[in-house]
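Student: quick one, structure for this:
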Amino acid sequence: MPNVKILPYTPCGSVTAPPSKSDVHRAIICAALSGGRCTISPVALSNDIKATIGCVEALGAKTEIVNDVLTVDGTDIFKNKSAVLDCTESGSTLRFLIPIAAAGGVEAEFRGSGSLVTRPIGLYSEILPKISGQLKSGIYRVPGDISSQFISGLLFALPLLRGDSDIVLTSPIQSAGYINMTIRTMEKFGIEVDVTDTGWHVRGSQHSIPSDYRTDGDWSQAAFYLVSGAVNGEITVNNLNTDSKQGDRKIAELLREFGAEVIQEADSVTVKKSGMKAIEINASQIPDLVPALAVCAAFAEGTTKITNAERLRIKESDRLKSTAALINSLGGEAVELPDGLEITGGKSLIGGTAKAFNDHRIVMSAAVCAAGSQNPIICTDALSVNKSYPLFFEDYNSVGGKAQLID
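Tutor: Below you'll find the model as predicted:
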């Protein structure tokens with residue numbers, strides 16, 4: 001895989017946030033389960049989204065994409081009672097579709113590659129009964145401090161069953177924003193989920209309504225640009241819905257807390273460089289923001305402490321270890337904690353060579369570091385950005401970035 005050489009730069013101008021990968025995953029699944037023809041737009045074909053499209057096709061749905069409009073026809077969903085579902089490296093695809101395939105009575109073989117084969121799915125073997133044939137309705141007890149993708153997978157599956165079901169949390173919920181996003185998307189397709197004191201009640205035998213779905217811009221990807229503006233410059237990111245259910249919209253509030261100048265409009269956010277001070281961050285609801293926030297902390301006076309981020313150890317890389325390694329390799333000061341990071345900032349980075357551990361968010365974080373670096377940065381595994389954001393370097397260069405792939 002090629003590396004990328006990134007020169008120091010001053011961020012400037014405006015960029016459009018790509019479609020939210022999390023939102024697109026959910027829309028594809030709801031469209032496939034609708035039993036009819038739906039359109040989803042805009043859609044960007046990252047590797048993870050290709051995995052979800054391939055898996056719903058394996059279950060019997062038909063898809064077609066023209067420009068950035070994806071058509072999904074779920075008329076024949078579950079027609080295939082035996083299927084191979086290749087999730088490649090997409091944890092969302094795998095965790096969403098395991099209970100869906102079981103609800104559809106499909107004898108499914110799940111395949112994966114890269115880091116996915118080491119990421120946990122053991123919870124499903126604990127909370128799903130040993131089944132032969134179709135999943136049954138009932139009470140599913142789930143710890144709240146696991147990946148929200150397990151809970152979302154159950155929420156997608158349970159309305160398909162004949163009886164009512166309950167998801168009961170056995171510990172406080174983390175990443176609640178992603179679960180709210182799942183419920184919001186389901187509602188767009190006519191499926192109702194009731195919040196209870198202990199979790200969610202899901203009525204069985206619900207029928208989806210085929211819909212045309214408009215996706216949100218991706219706040220987690222926008223965060224990299226917004227942080228770059230806070231570090232050194234001024235950036236506007238368009239296509240950001242301030243009413244989005246994405247928990248990562250909190251990036252605007254956190255950058256303001258750091259001391260950056262943040263201006264929010266109805267569908268855009270502008271961030272300007274200002275004197276930044278260290279803060280404390282509870283990352284339990286926003287784990288995907290941690291690499292970008294760590295870069296911001298590297299340029300903020302004092303020591304920023306990020307906690308409740310232990311689930312990052314089971315991402316594409318051990319993201320606490322890889323984020324700390326990124327900051328330290330470029331001349332910063334980051335200490336890895338059991339559940340987070342401590343970053344002491346307030347000076348420019350030196351630059352140098354950074355290892356990305358084949359993790360898309362580490363590559364994008366390295367690119368943001370160049371906004372405050374004295375010298376060029378060489379980052380490995382450049383094309384890992386294709387997992388979530390294939391056009392990252394093109395968009396990055398359009399707002400002042402200077403990134404070039406090298407051997």
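Student: any chance you could map the helices in the stretch 101-250 of the chain?
Tutor: Secondary structure of the stretch 101-250 of the chain by DSSP state H, counting those that start in this stretch: the helices cover 122-127, 148-157, 176-188, 219-232.
Student: just those helices: most buried one?
Tutor: Across the helices of the stretch 101-250 of the chain, averaging neighbours per residue (mean count of other Cβ atoms under 10 Å) puts helix 219-232 on top, at a mean of 28. (Glycine included, C-beta is placed from N, CA and C.)
Student: against which helices or strands is that helix packed?
Tutor: strand 234-238, helix 251-258, strand 268-272, helix 290-298, helix 360-369 (3 or more Cβ pairs under 8 Å, 6 or more residues apart in numbering; DSSP states H and E).
Student: circling back: ok, which of the helices of the stretch 101-250 of the chain comes nearest Leu293?
Tutor: Taking Cβ to Cβ, helix 219-232 is the member of the helices of the stretch 101-250 of the chain nearest to Leu293, at 7.4 Å.
Student: can you give me how far that closest one is from the chain middle?
Tutor: 15 Å (Cα atoms, centre = their mean, to the nearest Å).
Student: about what we covered before: which one of the helices and strands packed on helix 219-232 lies nearest to Phe78?
Tutor: Using Cβ to Cβ, these put helix 360-369 closest to Phe78, at 32.1 Å.
Student: which residues are contacting that closest one?
Tutor: Residues outside helix 360-369 that contact it (Cβ atoms under 8 Å, 6 or more residues apart in numbering) are 4, 6, 221, 224, 227-228, 231, 288, 291-292, 294-295, 298, 315-317, 319, 322-323, 326-327, 330, 349, 354, 356, 377, 379, 381-382, 384-389, 392-393, 396, 401, 403.
Student: helix or strand right after that helix?
Tutor: Moving toward the C-terminus from helix 360-369, the next helix or strand (DSSP states H and E) is strand 377-379.
Student: how far off centre is the one helix or strand Ile98 maps to?
Tutor: Assessed by DSSP H and E, Ile98 sits inside helix 91-103. The chain centre lies 16 Å from the centre of helix 91-103; the measure is Cα atoms, centre = their mean.
Student: got it, and stretch 327-337?
Tutor: 24 Å.
Student: in it, which residues are buried?
Tutor: Buried residues in stretch 327-337, counted by 16 or more other Cβ atoms under 10 Å: Ile327, Asn328, Ser329, Leu330, Gly331, Gly332, Glu333, Ala334, Glu336.
Student: please name the nearest non-neighbouring residue to the second one.
Tutor: When the adjacent residues along the chain are set aside, Asn328 lies closest to Ala334, with 5.5 Å between them (Cβ to Cβ, 6 or more residues apart in numbering).
Student: list the contacts for the one you found?
Tutor: Ala334 sits in contact with Ala294, Ala298, Thr323, Ala324, Leu326, Ile327, Asn328, Leu341, Glu342, Ile343, Thr344, where contact means Cβ under 8 Å, 6+ apart.
Student: go ahead and confirm the fifth one touches Phe357.
Tutor: This means Leu326. No. Contact between Leu326 and Phe357 fails when scored by Cβ atoms under 8 Å: they sit 9.0 Å apart.
Student: more neighbours: these two, which one.
Tutor: Shown here are Leu326 and Phe357; by other Cβ atoms under 10 Å, Leu326 has more neighbours (30 against 21).
Student: where does the more buried one land in three-state SS?
Tutor: helix (DSSP: H, G, I helix; E, B strand; the rest coil).
Student: okay, it and Ser152: tell me how far apart.
Tutor: Relative to Ser152, Leu326 is positioned 29 Å away (Cβ to Cβ, to the nearest Å).
Student: got it, and Glu109?
Tutor: 22 Å.
Student: do the same with Ala31
Tutor: If you go by Cβ to Cβ, the gap between Ala31 and Ser152 works out to 15 Å.
Student: now swap in Gly346 and tell me
Tutor: Counting by Cβ to Cβ, the gap from Gly346 to Ser152 is 39 Å.
Student: Thr307: how many residues sit nearby?
Tutor: 16.
Student: give the contact list for it.
Tutor: Residues near Thr307 by Cβ under 8 Å, 6+ apart: Glu280, Ile281, Asn282, Ala283, Leu337, Asp339, Gly340.
Student: would TSV of these with pLDDT, secondary structure and distance to Asp86 be doable?
Tutor: Converted to TSV, the contacts of Thr307 look like this (pLDDT from 0 to 100; DSSP: H, G, I helix; E, B strand; the rest coil; distance: Cβ to Cβ, whole Å):
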residue	pLDDT	secondary structure	distance to Asp86
Glu280	98	strand	41
Ile281	98	strand	36
Asn282	97	strand	36
Ala283	96	coil	31
Leu337	97	strand	36
Asp339	96	coil	33
Gly340	97	strand	34
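Student: possible to save the residues you listed as JSON lines with distance to Gly114?
Tutor: Putting the contacts of Thr307 into JSON lines (distance: Cβ to Cβ, whole Å) gives the following:
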{"residue": "Glu280", "distance to Gly114": "34"}
{"residue": "Ile281", "distance to Gly114": "29"}
{"residue": "Asn282", "distance to Gly114": "30"}
{"residue": "Ala283", "distance to Gly114": "24"}
{"residue": "Leu337", "distance to Gly114": "26"}
{"residue": "Asp339", "distance to Gly114": "25"}
{"residue": "Gly340", "distance to Gly114": "25"}
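Student: ok, so of those, who is nearest Pro99?
Tutor: Ala283 (26.9 Å).
Student: neighbours around the spatially closest residue to the closest one that is not a sequence neighbour, how many?
Tutor: Spatially, and ignoring its direct neighbours in sequence, Ala283 is nearest to Ala309 (4.0 Å; Cβ to Cβ, 6+ apart). Ala309 has 26 neighbours, counted by other Cβ under 10 Å.
Student: I'd say Ala309 and Asp288 touch.
Tutor: No. Using Cβ under 8 Å, Ala309 is not in contact with Asp288; the gap is 10.1 Å.
Student: how near is Phe299 to Ser348?
Tutor: For Phe299, the distance to Ser348 - Cβ to Cβ - is 8 Å.
Student: with neighbour numbers in mind, choose between the two.
Tutor: Neighbours were counted for Phe299 and for Ser348 using other Cβ under 10 Å; Phe299 has more, 25 against 20.
Student: now stretch 100-117 - C-alpha only, CSV.
Tutor: Provided in CSV are the C-alpha atoms of stretch 100-117 (Å, rounded to 0.1, in the frame of the first residue of the first chain):
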residue,chain,number,x,y,z
ILE,A,100,-31.1,-9.8,10.6
ALA,A,101,-30.1,-13.0,8.8
ALA,A,102,-31.3,-15.0,11.8
ALA,A,103,-34.7,-13.2,11.8
GLY,A,104,-35.1,-14.0,8.1
GLY,A,105,-34.4,-17.7,8.7
VAL,A,106,-31.3,-17.5,6.5
GLU,A,107,-28.5,-20.1,6.9
ALA,A,108,-25.7,-17.5,6.6
GLU,A,109,-22.0,-17.8,6.4
PHE,A,110,-20.2,-14.6,7.5
ARG,A,111,-16.8,-13.8,6.1
GLY,A,112,-14.4,-11.0,6.9
SER,A,113,-10.9,-9.8,6.3
GLY,A,114,-8.2,-7.7,7.9
SER,A,115,-8.8,-6.5,11.4
LEU,A,116,-12.5,-7.6,11.3
VAL,A,117,-11.5,-11.2,12.0
